[in-house]
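Visitor: Provided below are the primary sequence and the corresponding predicted coordinates.
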Amino acid sequence: MGTENRNKLKNLIQAWPPGVVATYPWLKKYHVYQELTARYLKSGWIERIGTGAFQRAGDKIDWPGVVFTLQEHLKLTVHIGARSAIELRGFSHFVRFKNQVTLYGEPNTKLPKWCLKINFQTTQLKFITAHLFKNNDTALSKYQIHGFDLTISPLERAILELLWQVPQKYSYTEAAYIMENLTTLRPNVVQTLLEQCRSIKAKRLFLHLATKCNHSWLKKVNLEKVDLGSGPRKIDNGSCFDKTYQLYVPESQLNEGQE
């Protein structure tokens with residue numbers, strides 16, 4: 001290997017964080033093109049993990065490094081949301097662990113095939129496309145997970161993403177249990193998200209559960225600015241009717257006193 005290529009390899013390894021997947025667009029930033037990549041592969045300096053995806057020799061790739069690559073190297077508009085975001089933000093004491101991290105993206109977003117085929121030790125990545133909010137990046141923020149700064153939903157957005165999937169993925173009871181513990185949501189963020197949210201069902205269910213839990217932050221939300229649609233909605237085979245939010249919901253401890 002010539003001096004120039006050795007220097008390129010040295011610079012590459014110094015810039016390549018452990019646990020992160022490298023892709024061709026990122027390698028090109030360090031003047032490592034396909035021919036040179038092939039040489040590094042043959043020499044055993046790097047290893048292929050999928051089409052156009054590589055790891056440092058002997059490295060162990062876990063899901064945070066993959067998400068970091070998708071967000072920072074490939075610049076894909078994906079984020080961690082719903083129950084995964086709630087759990088990762090420290091609420092795992094009441095969230096049922098599923099060994100799954102869910103990524104959300106716009107309907108036209110496509111992930112590279114290699115990222116969903118990697119066999120992590122304990123966790124599986126799942127990808128869902130949705131256009132739940134008028135602005136896809138509403139309220140998203142960075143959150144450090146295993147040393148990586150990843151884009152993730154705050155609790156206020158994560159619970160709406162979860163409620164959007166009731167009852168298809170999450171049960172009403174599970175959603176109620178999670179909402180019961182969300183005592184510190186920020187009213188201004190809730191306001192923005194409710195105004196931006198496209199799902200009438202998710203918004204009504206959010207307000208129904210927050211009211212039943214008697215959360216103090218709800219009093220600071222101006223519902224006159226929130227579009228709740230018209231006509232009743234039904235969650236699963238719900239038989240308990242919430243007159244305020246025109247919502248039929250299943251029976252639960254949170255429904256006591258409803259007609």
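Guide: Structure received.

Visitor: could you point out which element follows the worst-scoring helix or strand of the chain on mean pLDDT?
Guide: Sorting the helices and strands of the chain by mean pLDDT, DSSP states H and E puts helix 3-15 at the bottom, at a mean of 81. Remark: after helix 3-15, the chain's next helix or strand is strand 22-23, criterion DSSP states H and E.

Visitor: number of nearby residues for the spatially closest residue to Val20 that is not a sequence neighbour?
Guide: Using C-beta to C-beta, 6 or more residues apart in numbering and skipping residues adjacent in sequence, the residue nearest Val20 is Gly65, 4.5 Å away. Every C-beta, even on glycine, is put in place using the N, C-alpha and C of the backbone. Neighbour count for Gly65, taken as other C-beta atoms under 10 Å: 23.

Visitor: tell me which element Gly65 falls in.
Guide: helix 63-68.

Visitor: Mind giving me the packing neighbours of whichever strand or helix holds Phe206?
Guide: In the assignment (DSSP H and E), Phe206 maps to helix 200-212. When contacts are defined as 3 or more C-beta pairs under 8 Å, 6 or more residues apart in numbering; DSSP states H and E, helix 200-212 sits against helix 155-164, helix 172-180, helix 187-196, strand 233-234, strand 247-249.

Visitor: For that helix, buried residues please.
Guide: Ile200, Lys201, Ala202, Lys203, Arg204, Leu205, Phe206, Leu207, His208, Leu209, Ala210, Lys212 (16 or more other C-beta atoms under 10 Å).

Visitor: List the neighbours of stretch 156-168 that are in contact with it.
Guide: Stretch 156-168 is touched from outside by 81-86, 89, 104, 130, 132-133, 138-140, 153, 170, 172, 175, 178-179, 182, 185-186, 189-190, 193-194, 197, 199, 201-203, 205-206, 209, 235-236, with contacts defined as C-beta atoms under 8 Å, 6 or more residues apart in numbering.

Visitor: If any of these are buried, give me the PyMOL selection for them.
Guide: The buried residues among those can be selected in PyMOL (16+ other C-beta under 10 Å) with this line:
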select buried, resi 81+82+83+84+85+86+89+104+130+132+133+138+139+140+153+170+172+175+178+179+182+185+189+190+193+194+197+199+201+202+203+205+206+209+235
